[in-house]
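1. Turn this into a model:
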Amino acid sequence: MFANFAVTLVCTLLPCTQVVEGPTSAQIEVDLTKAPHTSIYYLPINGVIYPKVYNVSPNYVAIHSSDHQGGVIQGGESRGSGEYLPPPLLADSPHVESSQQADEYPVVGILDGFLKGFTMKTINNRNISAFKSIPFAQPPVGALRFEPPVKNSPWTGIRDAMADSPTCIQADYLLQYNIHGQEDCLYLNVYTPKLPSTKRRQDAPLPVMVWIHGGGWFFSSSSLYGPAYLLDEDVVLVSMNYRHFNVENGSHRIVPTSASPCFLSTGDMTSPGNNGLKDQTLALKWVRENIANFGGDPNKITIFGESAGAGSVHFHMFSPMSRGLFHGAISQSGCATCFWSITEKAAENAQKYSALLNCTGNSKEILSCLKQKDAKDLVFMQLAFLEWTMYPVVIFGPVLEPAHAGSFLSELPETIYKRGGVAPVPWITGLNADEGGINIAVLFIGNGSVDQLNTEWDKYGSIFLDFKNTEANNSARLSNQVRNHYLGNSNISLANRDELIKMFGDRYVITCGIRGMQLHARYSPQPVYAYRLAYRGKYSIVQLLGQSPQDYGVSHLDDLIYLFNNTVYYPNLALEDEEYEVSKIMTRMWSNFARTGRPYLTSTHNQNNNELRNTLTWTPVPRNATPTSPINFMDIKLQPEMVNDPFNERVKFWRSLGLVDE
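-> This next block holds a predicted model:
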């Protein structure tokens, strides 16, 4: 059905000459000998925003792929600076000869070529255009395994963008460590409610929200996060895959968690590391260069993520590599200042990991050996690092690289904060009321796990609480101090499950998350907005384990219920669900933040036939915040409100322990 829309590239004279044939225009030859390292494409004029117009025929526009000075193509006159308003579409243009087909299967031209997407609907039946499995990097296989990402190459013709991309190879913690996926996985998805069109004056471009999924830097995928809720707001949504896993084989410290085979660092210039975070950065560059073609505003990009994705978002705020690629940030249940963002045993773990795979020697020899291994073996071998059940949660992760031109991060986040080096962007960050819910649910259904903690707390308690960065003789003392604070002399049981949930959540997310809020408020020129998700609905991640949502509170991961439709981990919401009201609150606050930099909530209702507008103001964390300052939170529930710090006394306890990682 798109025969007339196909693009034919023919080199008729020399390899450096491209000829593009359009359905109604004559052939046009372009000599590329004067610019052998760049590409010129002739793209159908369909209202898409192109980098710069160089030549125009009735149906096609020549653009220079290496020129990133944006210009809007809107219809028939020059606007200077490379912008051009082309003539109206001809009657026999492929975009008007079958408008129904074009609406159902939209085609967009980007710098690398054409993409054919499809139309889907939001929960409120709004039509949106979806483009999936768009490559932003060359497949990181063979010689590119464990290397920084390399930009993908252009393609000819129209690339199908209707199917989910493969997940990055991983051992899925939520699916019993099932190993699946593949190394060729660096793709992204774009969902938009409005593609540019020449049939009308151009609408203002929409704010862009770029999602970075969580999963401990070792599992999950962009395809798990659907747009059906967020795209009822006027935003463009992008989600990406990135490689997981990191091994450190040198003296440098490592930063956050891991477990798939593509985040390796030798701690030196052989493989300095952070390739998963560099994947994300390359995807952000792709967004900046191409998102206008999907109706998005490259000057209003907000990155947001959950758990390890929240930590990734925070890391981008410190990285010089990511500077200028986004304008706002949202971290949900995690940040780069959490204790699990530093692994002291990096070199030891790397040596052990490599030896298990029979890879020994210096950094170059180890890297060469690991590049020859089967990817599934690389993933499977990380399970050897589990000391007890699923712990430690953190094994490998992003690293502090040696300072070099291509480093993602070479200083600790707190150091960067104190020297004023954090990106000057506003930040939303927050917590779920009962962060430890999912982990405690796993504990109670585990075979003998509770009994082991009760009878051998000195042995397993420090693993459970991840006191790896403390001296061995202190870890048992500290773990007993923590247990006594939360549980007293009682054994772990369902009777004190709520206190156990607090213990785990306070250690892993809440205390370190609040520390990040306080640092940002004190050292950043831009505000930080704190929230607590307090709504306890009928859905929860613990249902995946056969548990009742009412038993484990508002768990880690439960915020995702309200932002994304997801057929794997959560049921989809229905319009009549009370939970959908919470979804509307969150998506409205998040999208308002993406549009204005302020996460306010405006509602409209009628009173005596008079329309009233109420705006709920979200107060940022005070700039004079100290490590013991109470923080006011936006409590997200059916009736959101600002509340006094519900965690302050618990945080003070953890501060009193004097942990080096808090």
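2. Go ahead and flag the most central residue of this structure.
-> Ranked by distance to the mean C-alpha position of the chain (C-alpha atoms, centre = their mean), the top residue is Ile212 at 0.5 Å.
3. give me the beta-bridge partners of it?
-> Counting by DSSP bridges, Ile212 forms beta bridges with Gly305.
4. Pretty sure it sits against Leu277.
-> No: between Ile212 and Leu277 there is no contact under C-beta atoms under 8 Å: 9.6 Å. In this view, the C-beta of every residue, glycine as well, is placed from N, C-alpha and C.
5. who touches both of those two?
-> Common contact partners of Ile212 and Leu277 (C-beta atoms under 8 Å, 6 or more residues apart in numbering): Tyr242, Ser312.
6. which residues touch Val287?
-> Per C-beta under 8 Å, 6+ apart, neighbours of Val287: Leu188, Val208, Val210, Val238, Gly296, Pro298, Ile301, Leu325.
7. my bad, should have said Asp635
-> Counted by C-beta under 8 Å, 6+ apart, Asp635 has contacts Tyr531, Arg532, Ala534, Glu641, Met642, Val643.
8. re earlier: okay, and which of the contacts of Val287 map to helices?
-> Secondary structure from DSSP state H places none of the contacts of Val287 in helices.
9. biggest separation within these, which pair?
-> Farthest apart among the contacts of Val287 by C-beta to C-beta are Leu188 and Pro298. That separation is 15.0 Å.
10. of these two, who's got more company?
-> Higher neighbour count among Leu188 and Pro298: Leu188, with 26 against 18, using other C-beta atoms under 10 Å.
11. Specify the beta-bridge partners of that one.
-> Beta-bridge pairing for Leu188 (DSSP bridges): Ile134, Met240.
12. Against Trp286, how distant is it?
-> Separation of Leu188 from Trp286 (C-beta to C-beta, to the nearest Å): 7 Å.
13. residues shared between the contacts of those two?
-> Residues touching both Leu188 and Trp286 (C-beta under 8 Å, 6+ apart): Ile134, Phe136.
14. I'd like to know which helix or strand in this protein has the lowest mean pLDDT.
-> Scoring the helices and strands of the chain by mean pLDDT, DSSP states H and E places strand 8-10 at the bottom, with a mean of 24.
15. which regions of the stretch 201-350 of the chain sit below the pLDDT cut-off?
-> For the stretch 201-350 of the chain, the stretches with pLDDT under 70 are 201-202, 215-222, 245-272, 342-347.
16. Phi, psi for Asp635 please.
-> Taking degrees, to the nearest 10, you get phi -90, psi 110 for the backbone angles of Asp635.
17. Does it have any beta-bridge partners, and if so which?
-> Arg532, Glu641.
18. Mind pulling up the pLDDT for it?
-> With respect to pLDDT, Asp635 has a value of 98.
19. Tell me the helices and strands packed up against the strand or helix carrying Lys364.
-> Assigned by DSSP states H and E, Lys364 belongs to helix 363-371. With contacts defined as 3 or more C-beta pairs under 8 Å, 6 or more residues apart in numbering; DSSP states H and E, helix 363-371 has these neighbours: helix 346-356.
20. now the strands for the stretch 501-650 of the chain?
-> Remark: strands assigned in the stretch 501-650 of the chain by DSSP state E, counting those that start in this stretch are 528-533, 601-607, 610-616, 633-636, 641-643.
21. what do you get for the stretch 351-500 of the chain?
-> 427-432.
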